[in-house]
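>>> predicted model follows, preceded by the sequence.
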Amino acid sequence: MNDNFALRLDHVSRDFGGLPVLDDLSLTITPGEFVVLVGPSGCGKTTLLNVLSGALAPSSGTVTTQGVLRTVYQHDGLFPWLTVRDNIGLGLRGLTDKEAKARELAELLALIRLEEFAGHYPHQLSGGMRQRVELARALAGRSDILLLDEPFSALDYQTRLRLRRELARLLALRPRTVVFVTHDIEEAAQLADRVLVLSERPAQVKTELLLTTPRPRDLTDPSVVEAMGRIIHDLGLAESDFELREKNLGE
Amino acid sequence: MIDEKAPHETLTPEIRTRPFEKKKQGSPKRFDIASLLLPLLVLGLVLAVWAIVPTLKIRGHPLVEDYALPPPLTVLQSIPDEVHTGRLFSDTVASLFRIGAGFSLAVALGVPLGLWLGSRRSVRAALLPGVNFFRNLSPLAWIPFAILWFGIGDPAAIFLIFMASFFPLAMATMAAVATIPVVHFRVAKDYGFQGRELLLHVTLPAILPQVITALRVTAGVAWIVVVAAEMVGCKDGLGYGIYDARSALRLDLVALYMIIIGLLGIGLDRLLSQLTRLPGVRWGYER
Ligand SMILES: Nc1ncnc2c1ncn2[C@@H]1O[C@H](COP(=O)(O)OP(=O)(O)O)[C@@H](O)[C@H]1O
Ligand SMILES: [Mg+2]
């Protein structure tokens, strides 16, 4: 078997009181890959991520991960009782050398351009700033795998666009294996190396899309537009799908 | 089709020329004066009513007897004597010491118990019914036992104050633990918090704002209990002062002690409310 993987699911199933949410799912994610999972709401994306992170045990099957794994949440992932500096500092808990720690902290703050807000508390920041702090914390010190659960979906549209760019930039500087869950098709097309389109519950990988255009990608880049078209089609949201459904309904 | 030329001309002139009006803001200074004057005004009114009622007469008979409602002036005149003998001061110190000791003890034991109850299902199953029982039992019901076990004096009063605040604090802390978002614990796991560290660096700071609120409420209850405890379980203190003055039919002194108890209660709450200014708990009050 191929040993070169960061995350692997083998025939993983998970149900909630008889409701199958994941059904015999197998998946391999290679180190450094940026995988985006898109799927309809309630199909089991969060469940899949929780199984990957170990927060949730699968009903059957095995999950194997190699490396230090961290999750970025949609909101409220920061500890509200800690300042920006101390929240990011959580990611550096492994470092014992005080000087190295201070240096790394300063670098991370500069990286997300929030030096002036180091002493602020999360509730004093905008939603976009908070998510940037979350990203910095997840990228701090030794981490290999980032799991992101709709990290930008609570933000307004323009902030979302900015943060996609920010994430691409941060990952260029600090490469990680990324599993990114979203319902946002644009996000998937702009960020992913590989898009996995999930079916309705129980989640199955319906189609797989490989994107090779280097990041950051413009929203109107032809490859992005084409990818969006494909994803929309695979999700059954294309105009032709609607027309077909309306016709069937009429008969 | 998209028209590239921005059609400025089509904008309605009213919209373009409507002046930008700044909303008038009430000057903060005037607000401060109002918030200072209004309570004083109400206080003055209450004092006036209090002063007038004892002078009222119905068909030649006074509405209330002098001893039953001593007017404010009589109460004022009783102050020098009490200050001179040192009674007022020593009673105040005695009461403050008792609440300080009893309440500190209750915090030191009640908050940890609440944390324990909140984080272990088995502990909850074992102890919650008992804690609930005692929380619903008036601490005054313990008076006979308190006097029997500790005799008349500080320990009995401290015990009663402890009983009044320990159980509510444990319950409030436990309830606060239950409201911590699961996300916090997931993040804590990601960043390697376990056991003691998890308790001290995640669970405790997460509930601190709610615990501080519980402290303020519970301290108020404890201060109420002090008076009752001292009436029967002590030979000094503000509560005993009331009891003693009543025995001598000195209701002017009773009123004086009541005023002092009320003012100290406010002071106590003000003191505890300073805790809400700590930078690490502001989030709990500003969201
Ligand atoms: N803890 C749970 N208990 C019961 N049902 C759950 C639980 N978590 C998720 N589910 C169910 O599993 C399905 C998938 O949920 P989720 O993974 O959160 O979807 P998504 O993130 O794709 O929107 C939903 O139908 C949801 O009701
Ligand atoms: Mg979800």
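Great, that's in hand. Numbers count the residues shown, from 1 in each chain, chains lettered A, B, ... in the order given. Ligands and ions are numbered 1, 2, ... in the order given.
>>> need the pLDDT of the residue of the stretch 101-250 of chain B found nearest ligand 1.
Nearest residue of the stretch 101-250 of chain B to ligand 1 (C-beta to the nearest ligand atom) works out as residue B:182 at 9.9 Å. (Each C-beta comes from the backbone N, C-alpha and C, glycine too.) You'll see residue B:182 listed with a pLDDT of 92.
>>> okay, it and residue A:55: tell me how far apart.
9 Å (C-beta to C-beta, to the nearest Å).
>>> list, one by one, the residues from the stretch 151-251 of chain A near ligand 1.
residue A:201 (C-beta under 6 Å from any ligand atom).
>>> just to revisit the earlier point, for the residue of the stretch 101-250 of chain B closest to ligand 1, give me its contacts.
Counting by C-beta atoms under 8 Å, 6 or more residues apart in numbering or on different chains, residue B:182 touches no other residue.
>>> next: residue A:224.
Applying C-beta under 8 Å, 6+ apart to residue A:224 gives the contacts A:186, A:189-190, A:213, A:217-218.
>>> I'd like to know how many residues surround the nearest residue to it once chain neighbours are set aside.
Among residues not flanking residue A:224 along the chain, residue A:189 sits closest, at 4.6 Å (C-beta to C-beta, 6 or more residues apart in numbering or on different chains). Residues near residue A:189, counting by other C-beta atoms under 10 Å in any protein chain shown, number 27.
>>> just residue B:283 next, same as before
Per other C-beta under 10 Å, the neighbour tally for residue B:283 reads 20.
>>> with adjacent residues omitted, what lies nearest to it?
Leaving aside its sequence neighbours, residue B:283 sits nearest to residue A:80 (C-beta to C-beta, 6+ apart; 3.9 Å).
>>> same question for residue B:132.
Spatial nearest neighbour of residue B:132, chain neighbours left out: residue B:171 (7.3 Å); criterion: C-beta to C-beta, 6+ apart.
>>> go ahead and confirm that neighbour touches residue B:135.
Yes. With contacts counted by C-beta atoms under 8 Å, residue B:171 reaches residue B:135, the gap being 5.6 Å.
>>> neighbour count for these two, which is higher?
Legend: neighbour count by other C-beta under 10 Å for residue B:171 and residue B:135, higher for residue B:171 (22 against 16).
>>> who are the contact partners of the residue nearest to residue B:283?
Neighbouring residues of residue A:80 by C-beta under 8 Å, 6+ apart: A:121-123, B:283-284, B:287.
>>> which among those gets closest to ligand 1?
Lowest distance from ligand 1 to the contacts of residue A:80 (C-beta to the nearest ligand atom) belongs to residue A:122, with 23.4 Å.
>>> related to what we said a few turns ago, just the buried ones out of the contacts of residue A:80, please.
Buried by 16 or more other C-beta atoms under 10 Å in any protein chain shown: A:121-122, B:283-284, out of those.
>>> what residues does chain A put near chain B?
A:53, A:55, A:69-71, A:73, A:76-77, A:79-82, A:90-91, A:93-94, A:121-123 (C-beta under 8 Å from any C-beta of the partner chain).
>>> same thing but at 10 Å, please
A:50, A:53-55, A:68-83, A:86-87, A:89-94, A:119, A:121-124, A:134, A:137-138, A:140-141, A:143, A:147 (C-beta under 10 Å from any C-beta of the partner chain).
>>> okay then, goodbye and thanks.
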